[in-house]
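1. Sequence and computational prediction follow.
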Amino acid sequence: MTDSQFDHQAIRSQFPILDMQLGDNPLCYLDTAATSQKPQCVLDAMNEYYVQNNANVHRAAHQLAARATQKYENVRMQVQHFIHAATSQQIIFTHGTTESINMVAHGLTEQFQQGDVILVDGAAHHANIVPWQALAQRTGAKVIPIPLDSNGRIDLTAYDDLLTQLPKLVALSHVTNALGTLNPVNEMVAKANKVGALTLIDGAQAVAHLDIDVESIGCDYYVFSGHKMYGPTGVGILYGKLNALEILTPMLTGGEMIKTVSFNGTSYGELPNRLEAGTPAIAEVIGLGAAISFLSNLPKIQIRQHELHLIQYLQQQLSQLGDISVYGVTTDNDNIGAVAFNLADEHHQDVGILLDQQGVAIRGGHHCAMPLMQSLQIKGCCRASIGVYSNQQDVDRFISALTEVKSILL
Ligand code: PMP
């Protein structure tokens, strides 16, 4: 699929920041996995909320509050349909993936005891590791990493073996942020369900690229952030099966989440409010709604093919450059959104800085996945990542800038 086979420019032109000039160079943005850029419709929706509808939700009887509440609750239904959840009660607004996972890990404290096993994807983001370690510390449970193969992918045989330990919870990434590798979550969740484990899927790197169907995945919890799917920062989602949400002790208590309060005793409200204490990020939720509309209106098949083509082109161009190690790629060619690499023995930070001097924004580091880096026996790597607005020119500019970096460093 080439850009000319559908009007890709019409999509790209909705992102005003992409016209930016950085010094002498136009911006070449290849850091979408860290955060995506925002289309004009998201910026407009947030602006419109503040200019025309700003009021606190759920509380007052006045018209403005009713309008704000309706817009806020409409987004809950939009999210429900977007990820194919059965009811909107199962959609909890949070501030992001990190908060969503912490809410689950905190909320399950009373369900865990000494010796319980938590299996965690060895390639997970720290946000899907550290809250489980904290839960283990509180309860005496133990976290066991699911081993990876030499490509940084989950070793499915080792996973099967670990399931014989009857874990209480399995935490997986849908798509890994460092390498863009896709986990077979449907199959892995089905196996976890068979041994009675709760399952949490971190979808932060999946929602912007794949169709998400939480019912068919069958997981207990699915979490993601708005800012990686063309929405604003400060908003995220915790989806859960109703019974899986009901067993969570609220991490935050206070206004909005109660039924009655008295100094003799307080009772908590129903889902979803029970897990949404305090004033939520209303404008951000509304911005997320605009992002979902934006994503839903894209020509889905063409965009998927476009992204796939771009990732493969990126991998191909990198390997032709020479002196490049690429991580996490197999003959299946199923990487999503990102390519991780190193240039010879050069430090990823030096490569990133020299690319930045040419206007090319990529990411270098451990990508909040230190255990994965340890497993790959590297300190860190560079990562180029794409979004719906990325095009072949971005890849060509990146490769020519990297060629320049190579001539400087090697
Ligand atoms: N999980 C994954 C796979 C991620 O890519 C990220 C963001 N880098 C997170 C969790 C954390 O997301 P947030 O910072 O939005 O909470």
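-> Done, it's in.

2. Quick check: the gap between the residue of the stretch 251-400 of the chain found nearest the ligand and Val235.
-> Nearest to the ligand, among the residues of the stretch 251-400 of the chain, is Cys368, at 5.9 Å (Cβ to the nearest ligand atom). (Each C-beta comes from the backbone N, C-alpha and C, glycine too.) Separation of Cys368 from Val235 (Cβ to Cβ, to the nearest Å): 20 Å.

3. got it, and Thr403?
-> Distance from Thr403 to Val235, counting by Cβ to Cβ: 39 Å.

4. Ok, Asp332 next?
-> 33 Å.

5. ok, those two, which is more surrounded?
-> Val235 (26 against 9; other Cβ atoms under 10 Å).

6. That one: what's it in contact with?
-> 93-96, 225-227, 281, 284-285, 287-288 (Cβ atoms under 8 Å, 6 or more residues apart in numbering).

7. Columns distance to Ser267 and secondary structure on top of these, output as CSV?
-> Below are those laid out as CSV (distance: Cβ to Cβ, whole Å; DSSP: H, G, I helix; E, B strand; the rest coil):
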residue, distance to Ser267, secondary structure
Phe93, 22, strand
Thr94, 23, strand
His95, 25, coil
Gly96, 29, coil
Ser225, 31, strand
Gly226, 31, helix
His227, 35, helix
Ala281, 26, coil
Glu284, 29, helix
Val285, 26, helix
Gly287, 33, helix
Leu288, 30, helix
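
8. Need the max-distance pair from the residues you listed.
-> Taking Cβ to Cβ, the two most distant members of the contacts of Val235 are Thr94 and Gly287; they sit 14.8 Å apart.

9. These two - which one has more neighbours?
-> A side-by-side neighbour count of Thr94 and Gly287, using other Cβ under 10 Å, places Gly287 first with 29 against 26.

10. Double-check that one against Met229; I have them as touching.
-> No. In this structure, Gly287 is not within contact of Met229 by Cβ atoms under 8 Å, at 10.9 Å.

11. The host helix or strand of Ala290: what's the following helix or strand?
-> Element membership of Ala290, judged by DSSP states H and E, is helix 282-296. The helix or strand immediately downstream of helix 282-296 is helix 300-321, counting by DSSP H and E.

12. Same question for the helix or strand immediately after that next one in the chain: list its buried residues.
-> Downstream of helix 300-321, the first helix or strand assigned by DSSP H and E is strand 324-327. Neighbour counts over strand 324-327 (16 or more other Cβ atoms under 10 Å) mark 324, 326-327 as buried.

13. what does stretch 277-291 give?
-> For stretch 277-291, using 16+ other Cβ under 10 Å, the buried residues are 277, 280-291.

14. what about Ile311, distance to Val329?
-> Between Ile311 and Val329 the distance is 9 Å, computed by Cβ to Cβ.

15. Need the overlap of contacts for these two.
-> Common neighbours of Ile311 and Val329 (criterion: Cβ under 8 Å, 6+ apart): 335, 339.

16. Same drill for the two, tell me which one is more crowded.
-> Using other Cβ under 10 Å as the criterion, Ile311 and Val329 rank with Ile311 on top: 25 against 22.

17. ok, how many other residues are close to Arg304?
-> Arg304 has 17 neighbours, counted by other Cβ under 10 Å.

18. residues in contact with it?
-> Contacts of Arg304 by Cβ under 8 Å, 6+ apart are His209.

19. Tell me the residues of the stretch 101-250 of the chain that contact the ligand?
-> Contact residues (Cβ under 6 Å from any ligand atom) of the stretch 101-250 of the chain with the ligand: 125, 127-128, 173, 177, 202, 204-205, 225.

20. Low-confidence bits of the stretch 1-150 of the chain, can you list those?
-> 1-4 (pLDDT under 70).

21. Swap in 50 and give it another go.
-> 1 (pLDDT under 50).

22. ok, back up a step: can I get the residues of the stretch 101-250 of the chain next to the ligand in a markdown table with secondary structure and neighbour count?
-> Formatted as a markdown table, these follow (DSSP: H, G, I helix; E, B strand; the rest coil; neighbours: other Cβ atoms under 10 Å):
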| residue | secondary structure | neighbour count |
| --- | --- | --- |
| His125 | coil | 22 |
| Ala127 | helix | 21 |
| Asn128 | helix | 27 |
| Ser173 | strand | 29 |
| Asn177 | coil | 30 |
| Asp202 | strand | 29 |
| Ala204 | coil | 28 |
| Gln205 | coil | 30 |
| Ser225 | strand | 30 |
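
23. now the helix or strand where Val42 lies, how far from the centre of its chain.
-> Val42 belongs to helix 40-48 when elements are defined using DSSP H and E. Remark: helix 40-48 is offset 22 Å from the chain centroid, using Cα atoms, centre = their mean, to the nearest Å.

24. swap in stretch 25-33?
-> 19 Å.

25. The stretch 251-400 of the chain against the ligand: which residues are in contact?
-> Cys368.

26. if we go to 8 Å?
-> 367-368 (Cβ under 8 Å from any ligand atom).

27. Tell me, please, where in the stretch 251-400 of the chain the pLDDT is lower than the cut-off.
-> For the stretch 251-400 of the chain (pLDDT under 50), the answer is none.

28. let's see it at 90
-> 330-334 (pLDDT under 90).
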